[in-house]
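> what follows is a predicted structure for the sequence shown.
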Amino acid sequence: MRCGPHRWFISGSFLTLQHEVRPLDRWLSWGALVAALGFPVFSLSTGILSNDGRIWLLMVGLGVLAAHHLASRWKVLLNLDNRTLWRRTGYRESFTGQAQPLEPFTSVALRMRGQGTSDGPFFPKAYSVVLVSPARALTLSHSDDREEALELAQAVSRFLGVGLSVEGGQSRPVTARLEEAPLSEGGIPALPSGSAIRFTQGERGLTLELPPCGWSFVYAAQAVLALLIGVGGPVFFLVQWSRMFGLRSAASTVPVITCAILLACGAFLFWRVARESTTGWTVTASSRGLQLTRHGPWRPRQLTRLPALRIQDIDLRDTRTETSRGRSVVIEYDAGLVQLGMDLSQAELEWTETVLRRALATPSKVARREAV
């Protein structure tokens with residue numbers, strides 16, 4: 001099986017990950033290396049491009065990159081017999097490696113690049129599989145494919161018998177991702193002080209009303225920017241146009257089309273921000289599954305039904321949307337993810353995650369009657 005550029009497999013008490021150069025990549029690397037090595041001979045013997053420093057730097061960089069790609073012998077071996085991790089990285093360690101004990105590593109984490117505070121909204125996503133200890137984190141592999149990386153992370157978690165944390169979520173064993181005590185044991189925990197969340201418990205299970213996040217500073221700033229584009233942009237453009245070509249020319253085709261485009265862009269941005277800031281959730285949870293309704297004045301009601309068999313995990317994770325980023329309750333199922341509760345407080349998010357997990361473990365009255 002593969003995870004990005006690495007191939008991995010389990011054989012008895014050994015889990016092996018190693019860098020694998022595919023045949024096409026190998027031929028391309030050899031071609032680049034031959035071109036880089038042959039360029040000085042060609043250039044100095046013919047005089048072509050012999051004085052172009054940029055081409056020389058380009059060929060040197062191409063040769064170094066190709067040589068590194070061909071000579072790299074990256075490999076990681078997890079050994080359960082003697083509880084060690086053996087690692088060999090780079091061409092300088094082609095024949096030797098480093099061994100270290102596995103005991104300090106307490107969990108496995110799947111992390112997504114692009115969720116950091118310095119990463120912009122268009123930062124490319126890549127997923128890393130990391131062994132985590134209190135003192136350090138060791139990257140085992142990475143991939144642009146989330147399913148590849150998640151499959152490896154789950155395999156390492158099961159192999160070592162440690163918990164798995166997905167994208168900043170809590171560390172839990174793979175086999176116990178949805179295990180939780182039912183609400184019948186201890187009842188529903190108390191809401192955090194000052195929370196606007198509302199809940200009821202009836203025959204069909206637990207129903208939560210998650211309020212909209214409202215016009216927070218981030219949303220308000222984006223709304224102001226949208227107004228500047230949609231209102232200030234056309235006004236500024238018309239003033240400058242009138243100064244250059246006269247007031248009568250302001251009704252011509254070019255300024256009308258330009259102002260219409262600016263107005264449409266501003267209106268779209270404002271609608272998107274207003275939709276997110278005023279959207280609330282209604283969630284009904286029981287052992288049968290989840291029913292999620294997304295509603296708000298700027299969007300049509302959107303209903304999603306997730307049977308319990310399709311739900312894979314409910315967790316708190318670092319997420320981002322088109323307009324904001326932060327932690328939210330993530331419902332992972334076989335066809336994707338549902339994010340809800342972003343911009344709630346940490347205490348409210350933890351409460352929501354806990355009661356949803358416990359509600360899934362609590363048989364509803366309807367389910368009990370159908371079972372009878």
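Right, received. Where do you want to start?
> A strand includes Trp86, no?
Yes - counting by DSSP: H, G, I helix; E, B strand; the rest coil, Trp86 falls inside a strand.
> burial count for it?
For Trp86, the neighbour count with other CB atoms under 10 Å is 16. (C-beta placed from N, C-alpha, C; glycine too.)
> that one contacts Gln18, doesn't it?
No - contact criterion CB atoms under 8 Å: Trp86 and Gln18 do not qualify, at 11.5 Å.
> how much space between the nearest residue to Gly4 once chain neighbours are set aside and Arg158?
Setting aside the residues directly before and after it, Gly4 is nearest to Ser143 in space (CB to CB, 6 or more residues apart in numbering), at 3.4 Å. Using CB to CB, to the nearest Å, Ser143 is found at 19 Å from Arg158.
> and the residue lying closest to Pro5 once chain neighbours are set aside, what are its bridge partners?
Excluding the flanking residues, the one nearest Pro5 by CB to CB, 6+ apart is His19, at 5.9 Å. Here His19 sits in beta bridges with His6, going by DSSP bridges.
> likewise Lys75?
Gln18, Arg88.
> how near is the nearest residue to Glu180 once chain neighbours are set aside to Gly169?
Computed as CB to CB, 6+ apart, the closest residue to Glu180 that is not its neighbour in sequence is Arg357, at 4.1 Å. Per CB to CB, Arg357 is found 12 Å from Gly169.
> contact partners for Tyr333?
The neighbours of Tyr333, taking CB atoms under 8 Å, 6 or more residues apart in numbering as the test, are Leu306, Arg310, Ile311, Gln312.
> Provide the secondary structure category for the last one.
The three-state assignment at Gln312 reads strand, by three-state DSSP.
> for the nearest residue to it once chain neighbours are set aside, what are its contacts?
By the measure of CB to CB, 6+ apart, the closest residue to Gln312 outside its immediate chain neighbours is Glu332, 4.7 Å from it. Residues counted as contacts of Glu332 (CB under 8 Å, 6+ apart) are Val166, Ile311, Gln312, Asp313, Ile314, Asp315.
> equivalent analysis for Glu179, please.
Ala361.
> pretty sure it is in a helix, no?
No - counting by three-state DSSP, Glu179 is not found in a helix; it is coil.
> which phi and psi does it have?
Backbone torsions for Glu179, taken as degrees, to the nearest 10, come to phi -70, psi 130.
> chain center to stretch 74-84: distance?
Distance of stretch 74-84 from its chain centroid, counting by CA atoms, centre = their mean, to the nearest Å, is 29 Å.
> mind checking the pLDDT average for it?
In this model, stretch 74-84 has an average pLDDT of 87.
> what comes into contact with that stretch?
6, 13-19, 85-90, 97, 99-103, 140-141, 156, 159-160.
> what about this protein, any weak spots by pLDDT?
21-22, 72-73, 89-97, 114-125, 364-372 (pLDDT under 70).
> would you map the helices across it?
23-46, 53-71, 146-160, 217-227, 233-245, 253-277, 346-360, 365-371 (DSSP state H).
> mind listing what's buried along the fourth one?
Counting neighbours by 16 or more other CB atoms under 10 Å, one finds that the buried residues in helix 217-227 are Val218, Tyr219, Gln222, Ala223, Ala226.
> settle this for me: Val273 is touching Tyr219, isn't it.
Yes - Val273 lies in contact with Tyr219 (CB under 8 Å); the separation is 5.4 Å.
> using CSV, write out the CA atom coordinates for stretch 348-357.
The C-alpha coordinates for stretch 348-357 follow below in CSV (Å, rounded to 0.1, in the frame of the first residue of the first chain):
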residue,chain,number,x,y,z
GLU,A,348,-19.7,24.6,24.3
LEU,A,349,-17.9,22.6,21.6
GLU,A,350,-16.7,20.0,24.2
TRP,A,351,-20.3,19.8,25.6
THR,A,352,-21.8,19.4,22.1
GLU,A,353,-19.3,16.7,21.1
THR,A,354,-19.8,14.7,24.3
VAL,A,355,-23.6,14.7,24.2
LEU,A,356,-23.7,13.8,20.5
ARG,A,357,-21.4,10.9,21.0
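> separation between Gly187 and Thr207?
16 Å.
> so which of those two has more stuff around it?
Thr207 (17 against 9).
> report the contact partners of that one.
Thr207 neighbours (CB under 8 Å, 6+ apart): Phe199, Thr200, Gln201, Thr282, Val283, Thr284, Ala285.
> next one: Ala308
Counting by CB under 8 Å, 6+ apart, the residues that Ala308 touches are Ser287, Arg288, Gly289, Leu290, Leu360.
> the domain parsing of this structure - what is it?
Domain assignment of the chain by automatic domain parsing yields the ranges 2-176, 198-214+278-371, 217-277.
> nearest to Pro192, out of these?
domain 198-214+278-371 (3.9 Å; CB to CB).
> mind checking how far that closest one is from the chain centre?
Worked out by CA atoms, centre = their mean, domain 198-214+278-371 lies 19 Å from the chain centre.
> center of the chain - which residue?
Nearest to the mean C-alpha position of the chain, by CA atoms, centre = their mean, lies Met112 at 4.8 Å.
> that one and His142 touch, don't they?
No - at 10.3 Å, Met112 and His142 do not qualify as touching, with contact defined as CB under 8 Å.
> any residues in contact with both of those two?
With CB under 8 Å, 6+ apart, Met112 and His142 have common neighbours Ala126, Tyr127, Ser128.
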